[in-house]
Every structure is written in C-alpha cells, then in structure tokens.
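Student: sequence and predicted structure, then a few things I'm wondering about:
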Amino acid sequence: MTDLELYEEMARLARQGEPFVLATVVAHSGSSPRKSGAKMLVRNDGTVLGSVGGGRVELESVRAAQAALGDGEQRTLPFVLTEEQGFACGGSMTVFIDPQGRRPLLVMFGAGHVGRAVTLLAHTCGFRVTVVDDRPDCSTHALLPGADAIVCAPGKEAFGQLALDRESFVVIATPGHLHDFDAVRGCLATEAGFVGLLGSRRKRETLLALLEQEGVGEEQRRRIVTPVGLDIGAQTPEEIAVSIVGQLIQLRKKP
C-alpha cells in the first residue's frame, strides 16, 4: 500500500461524505515498529488501510479512531515501548488520531440564482450538496460548481433518489410556489433535520394554512423554517446565500 493509494481512498470517502480517521505517527525515538510519517486510515466500519506498527500500538490506535468517529475529537496517543509497559521494542512513538470526512448533507431544491449561490457557499463551508431541479439547462455542473450531486427531476420524483436523515439539511427555493410546496410535503415525509423554505411571511401563512387543511399536524408544520435564513437584511442572491448558510452553520455548531 502506497501513500498515494491511501490519499485516493481518503478522497473517495470524502466525496461520498463517509467519515474516516487518519492515524499518523508524528514522533518516534529509539527502536519502534514504524517511524514518523507512517499512516493508517480507519473507515467507519472499522476496516483499515495502511499501518502504524501492528500489534498493541495498532490495536489501541484503531480503538481510539473508533472513539473519535463517535465524538469527532482529535486524540494524541503516546506509547513507551518498554517491557514494563508491555512492549518489546524499547523505544517510543506518538500517534495522532484525526477524524475526517464528516460532511453534513444539504439538499438544495432549485438551481436558480439563489440556489446556485447557496450551493457554492455551502460547499466551501464543508457541506455535501445535492441539487434538485427539473430544468436540464439549469442542472449542469458548469452552473453548479459546488454541487457534489445533481438530480434533474421534479421534486416529487427526486425523493426516491435522496437519503434524508436527522442530520440532513434541506433548503427549498424553486421557481414556483407549487413546486416549493410539493418539496415541503416530500420533506415532511422524511426524517430531514432541517427544512427551510425561501419566501415571504405571506407565503409562509399560505403554506401553513394549506397544510393544516390537508390534515398535516402542528408538530409537523413546526418543522418548516420559513422564511429560511438569518435576518441580516439580505437582498442579492449572494447575500441571501450568506444568511441561509450562516443559519445552517449556526445549527451545525450547536452542541
């Protein structure tokens, strides 16, 4: 296994939004099984690529990596490789445990001016962005350079291609109210943790009244955040994107 193969696997996991841990030997002295710079990747399922030394050093590093996958915290593991500590090498080494790749999913309904601005900014802020729009001329990677995936389909049909869970964010800003409302209904049928709708307060009242008439309960209606975005007086698509992505970051950072 070469470092290049390890980096390629890291890139693959990051693109798919799968968390992993990179364990690196950052210091060593005397006789040690691996030297500074040796790396091991630990996947979310516990499988590994590479090695930081085998034996007890590696076993404890994998355990620490699995703990880091759970809490997202970095760790430093010092090893004194003497017989008194249960080792035979006689030297010492330090392994740094660094969790990576946990990118929250944002599904952006609508690839108009606001959708494009939100997609690009969210991508640069660490979100894994999937864009949904049924217009082929708008649903291109050339126009959506921040999109990790594009679903060119009507909102109702797109949900079959989406995997939304409690950690997922959704922002809805399609060209029309009917498409917006269809996307909201679809989201309420999932476990999406955040459902944000772009629009005026009057649009909000219309939507909530319509959902109530359709028998959608109050608890479900409360899941809809509209108007989406922080109140910063945003006007342009780029400013609106800042207000929306800022709100997503605020929620993501909340303990």
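Tutor: Nice, thanks for sending it over.
Student: how distant is the helix or strand hosting residue 107 from the center of its chain?
Tutor: Secondary structure from DSSP states H and E places residue 107 in strand 105-109. Averaging C-alpha positions (C-alpha atoms, centre = their mean, to the nearest Å) puts strand 105-109 11 Å from its chain's average.
Student: could I get the average pLDDT for that strand?
Tutor: Model confidence over strand 105-109, given as mean pLDDT, is 96.
Student: now do the next helix or strand after that strand and strand 105-109, the angle between them.
Tutor: Using DSSP H and E, the helix or strand that follows strand 105-109 towards the C-terminus is helix 113-124. Counting by axes from the mean of the first three to the mean of the last three C-alpha atoms, to 10 degrees, helix 113-124 lies at 170 degrees to strand 105-109.
Student: tell me the strands beside the following helix or strand past helix 113-124, with direction?
Tutor: Later in the chain than helix 113-124, the nearest helix or strand by DSSP H and E is strand 128-132. Partners of strand 128-132 in the sheet, by DSSP bridges, are strand 105-109 (parallel), strand 149-151 (parallel).
Student: pLDDT weak spots in this structure?
Tutor: In the predicted model, the chain carries pLDDT under 70 at residues 84-88, 255.
Student: residue ranges of the helices in it, please?
Tutor: Secondary structure of the chain, counting by DSSP state H: helices at 3-15, 55-71, 113-124, 155-158, 177-188, 201-213, 218-221, 237-253.
Student: so what does the third one touch, helix or strand wise?
Tutor: Under the contact criterion of 3 or more C-beta pairs under 8 Å, 6 or more residues apart in numbering; DSSP states H and E, the helices and strands touching helix 113-124 comprise strand 105-109, strand 128-132, helix 237-253. Just so you know, the C-beta spots here come from the backbone N, C-alpha and C atoms, and that holds for glycine as well.
Student: try the fourth one
Tutor: The helices and strands touching helix 155-158, judged by 3+ C-beta pairs under 8 Å, 6+ apart, are helix 177-188.
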